[in-house]
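Chemist: Sequence first, predicted coordinates after that:
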Amino acid sequence: MRRIIPVILAIIIVLTIFAGACGQDDEQLIRETMTGFLTAYNDDDFSGTLDYISDNLRSARGDEKIIADLQEGRASGGPAILESVRNLEIDGKKANISVSFQGFMGQVLTVRFPLIKESGNWRIDG
C-alpha cells in the first residue's frame with residue numbers, strides 16, 4: 001500500500017500538468033495561426049495564407065477567390081500590423097478570437113475570427 005500512494009500521486013501530478021498544458025497549447029496554437037496568417041499576408045505570400053484557412057472555407061469560397069480578395073485588401077490597405085489578440089473563447093474544436101491590427105493610415109481595426117481545429121491545427125473558418 002505504501003508503494004502505491006507515491007505512484008498514484010505521481011500520476012495525478014503528471015495528469016494535472018498535462019491537462020494544464022493542453023489548454024495552454026490550444027491558446028498558443030491559435031495565436032501562432034493568427035500571427036502566421038498576418039505574416040504571410042504582409043509578405044504578399046497569399047498562397048501561404050491558405051495554410052491558415054480551414055478546408056471548409058477553402059472549399060466554400062475557392063482558393064483563387066480567397067487569394068484575390070486578400071490581394072485586393074492588401075493593395076488598398078497596406079500591411080496589417082498586429083496590435084493585440086484577445087477575447088479568446090475555445091469550445092472543443094471551435095474557437096473565436098478578437099484580433100486588433102493597425103492598417104491603412106494607422107487606423108486600428110478589430111476583427112472577430114472564428115477558428116476550427118483540423119488535424120491538430122487551428123485554422124481561420126470565416
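Modeler: It's in. None of the values given here were measured: they were computed from a predicted structure. Residues are numbered from 1 along each chain as shown.

Chemist: Next up, the contacts around the residue nearest the centre of the chain.
Modeler: Ranked by distance to the mean C-alpha position of the chain (Cα atoms, centre = their mean), the top residue is Ile30 at 3.0 Å. Applying Cβ atoms under 8 Å, 6 or more residues apart in numbering to Ile30 gives the contacts Val85, Leu88, Ile90, Ala95, Ile97, Leu115, Trp122. Where you see a C-beta, it was placed from the backbone N, CA and C, and this is true even at glycine.

Chemist: Of those residues, which pair is most distant in space?
Modeler: Val85 and Ile90 (13.1 Å; Cβ to Cβ).

Chemist: Can you name the helix or strand that Leu29 falls in?
Modeler: When secondary structure is defined by DSSP states H and E, Leu29 falls within helix 4-42.

Chemist: got it, and Leu70?
Modeler: helix 63-77.

Chemist: and the gap between Leu29 and Asp43?
Modeler: With distances defined as Cβ to Cβ, to the nearest Å, the gap from Leu29 to Asp43 amounts to 21 Å.

Chemist: Comparing the two, which shows the higher neighbour count?
Modeler: Neighbours per residue (other Cβ atoms under 10 Å) separate Leu29 from Asp43, with Leu29 holding more: 16 against 12.

Chemist: dump the residue contacts of the closest residue to that one other than its chain neighbours.
Modeler: Taking Cβ to Cβ, 6 or more residues apart in numbering as the measure, Leu29 lies nearest to Trp122, with 5.0 Å between them; neighbours along the chain are not counted. Taking Cβ under 8 Å, 6+ apart, we find Trp122 in contact with Asp26, Leu29, Ile30, Thr33, Ala95, Leu115, Ile116.
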